Structures are given as C-alpha cells and as structure tokens.
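Participant: just coords:
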C-alpha cells in the first residue's frame, strides 16, 4: 500500500507532485489505472516540473485537446473527467492550480442513449459498505426525486420539509420573479420534489444536528484562495457545498469497470427512476408531474422499458385460452 504523503503547508507543489498526491488518494485499483493515464500524460504535456499554480486554464485545455481531441467521444469524456477530478481535488485542499476551461466541455456521444440501471443494481451500489453516507444519501435522493443533480446539490437544509418528504429546488430554466441584476435564489420560481422512505432514513443521519447550510458538503473546508458565497458554505462547520464535478467524480470512482465510458453518470438516476415508474404503470401525465417536464416528447425520451417489462406486457395479448 503506497504511503500517504501530506501536502506541504504553505509551499507550492509541482505539477508532478500534485498528480502523484491525487493518484495516491484513490483507493480503487481500476480508478488509479484509468485516471493515471489521463493525469500522467496531461502532467507530462504541461510540464511536470512547473509549479502547479503557474499553469493557466487554457494551457490545461489545450493539453487535453492535443492529447485526446481526435479520440472517440467516450475516451475524451473519460480523460477530461479524470483531469477534472484531479484539479478539483487539489482546489478542495486549498492549492491553487488550473481548472478545466469551459470550452473543453464534456461531449455527448452521437446517437447515444443514457443507460437505465436496474433497481437491483441501484440497491446494491447504495448498500455497499465502502460508499460514504453522503454519497448514499445523494444517490438515493436523486433516484427517488427524479430530480436533476444540479437541483439536488443546490438544496440547503432550510429548504427541506423532512416531515413531508419534500423540498423546493431551483429547476433548470427557472423563471425569474423579477428582472434585475444580482437576483438571489429566492427571486426565482421554485419547484417541489418528493422523496420516499429510503431518503427519509438517510437524511437525518447525514445532517447530524446541522440546521443550516448546504445539505451536501465537502469533507474539507475551502482553501484560502477559493471564493465561496454565503449560501454555499455551512455556517456551523465551514464546509463548502459539494460541486457537480466532485459528485460526478465520486460516482465514477465507485462504478469504474475498467474502461472508458463504463462509469455511471449522474443523469442516469433520473432516467432510471422514470423508467421504473413507467414500468410500474405510472401514466404519462404522472411521469410529467414527477419529472416536471413541460412537453410529452421530452419525458418519452426518459422511458426505456427493459426487455423483461416488454415481454410481460406482451403476455396480455395472449389468446384467451392460453392459461387453461
């Protein structure tokens, strides 16, 4: 087992040191191998001996483009995701460094469909003993609410109605109540999402007496160079809100199967829950109410029944004497 090396407080680290420390922090051998390819080659491209805080965002993006810009979409997304996890890990520990620029964005695979995970696979993943309570709660809440990851990650404890098993979220494309600059979250029309017993059992354990601040927070305080808004930090513990990139990296770490594109994606929880509700007999209108889609063609893209479900409904067409 590799020795854990602590970052030298108050001292700059090189690109190679930052990469080694990140890779040493990973526990899953498959993740270390896959992430090591992306992080190692990127570090070599931008200069292993350079101070990590001297690398510009665009330099990092250009390195990714030169290394994997012409690769398959899944390869690009996997390598970009690994580098994003690396830079987010360093930033969380207070060491300045580059971030993956906006223009080096994650790509959608052509003609690809977001997979639907079975209920058994979901239950097994959340029940694993090596999964932290924070991730268990987040994944169960995403599945039971059918909400987008950004919506759930943006929830604060003050927004929760634990008794009613619901909370208000700022939805994608939320309409502003007033047209002015600098509007706060409360200036948008909020929507309600609902969860069930699985989330209801986990949430109180996760909060552990906290009454304010983000529901999902990092395990360390933000570094001195990181600017965090007052809504995005817990006033009691000083911990910052868990970001989308960090949440995706955590899911990648626990679901990596050894090759590019094999990890689960945060959006799969929404696809899986809506599909399972549809297979259980929920009507299209009820699915729209649950997912908060405004158009029927949008929610139809989420419903992907399994072959077993299609075979079961096909049995309704059997001759009347087939059961004799």
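Facilitator: Received, thanks. Bear in mind that the values here come from a model prediction, so they are computed numbers and not experimental data.
Participant: wait, isn't residue 135 in contact with residue 250?
Facilitator: Yes. The criterion here is C-beta atoms under 8 Å, and residue 135 meets it with residue 250 at 5.5 Å. C-betas here are computed from N, CA, C, even on glycine.
Participant: residues in contact with the residue lying closest to residue 113 once chain neighbours are set aside?
Facilitator: Of all residues not flanking residue 113 in the chain, residue 304 sits nearest, at 7.0 Å (C-beta to C-beta, 6 or more residues apart in numbering). When contacts are counted by C-beta atoms under 8 Å, 6 or more residues apart in numbering, residue 304 is found next to 113, 116, 271, 275.
Participant: since we're on the closest residue to the last one other than its chain neighbours, how many residues are nearby?
Facilitator: Which is residue 275. By the measure of C-beta to C-beta, 6+ apart, the closest residue to residue 275 outside its immediate chain neighbours is residue 116, 4.7 Å from it. By other C-beta atoms under 10 Å, the residues close to residue 116 number 19.
Participant: which stretches of the stretch 201-324 of the chain form helices?
Facilitator: Secondary structure of the stretch 201-324 of the chain (DSSP state H, counting those that start in this stretch): helices at 244-255, 268-279, 284-291, 296-300, 307-314.
Participant: which residues touch the second one?
Facilitator: Translated: helix 268-279. 114-119, 122, 139, 142-149, 286-287, 290-291, 299, 302-306, 309.
Participant: Next, count neighbours for residue 299.
Facilitator: Residue 299, neighbours per other C-beta under 10 Å, totals 21.
Participant: how close does it sit to residue 137?
Facilitator: 26 Å (C-beta to C-beta, to the nearest Å).
Participant: Ok, residue 13 next?
Facilitator: Residue 13 sits at a distance of 33 Å from residue 137 (criterion: C-beta to C-beta).
Participant: Now do the strands in the stretch 101-250 of the chain.
Facilitator: With DSSP state E, counting those that start in this stretch, the ranges of strands along the stretch 101-250 of the chain come out as 160-161, 166-169, 191-194.
Participant: so where's the stretch 51-200 of the chain shaky on pLDDT?
Facilitator: Along the stretch 51-200 of the chain, segments meeting pLDDT under 70 span 108-112, 173-188.
Participant: ok, now the stretch 201-324 of the chain?
Facilitator: 224-226, 257-262, 320-324.
Participant: 90 instead, please
Facilitator: 208-209, 219-240, 243-246, 248-250, 252-265, 267, 281, 293-324 (pLDDT under 90).
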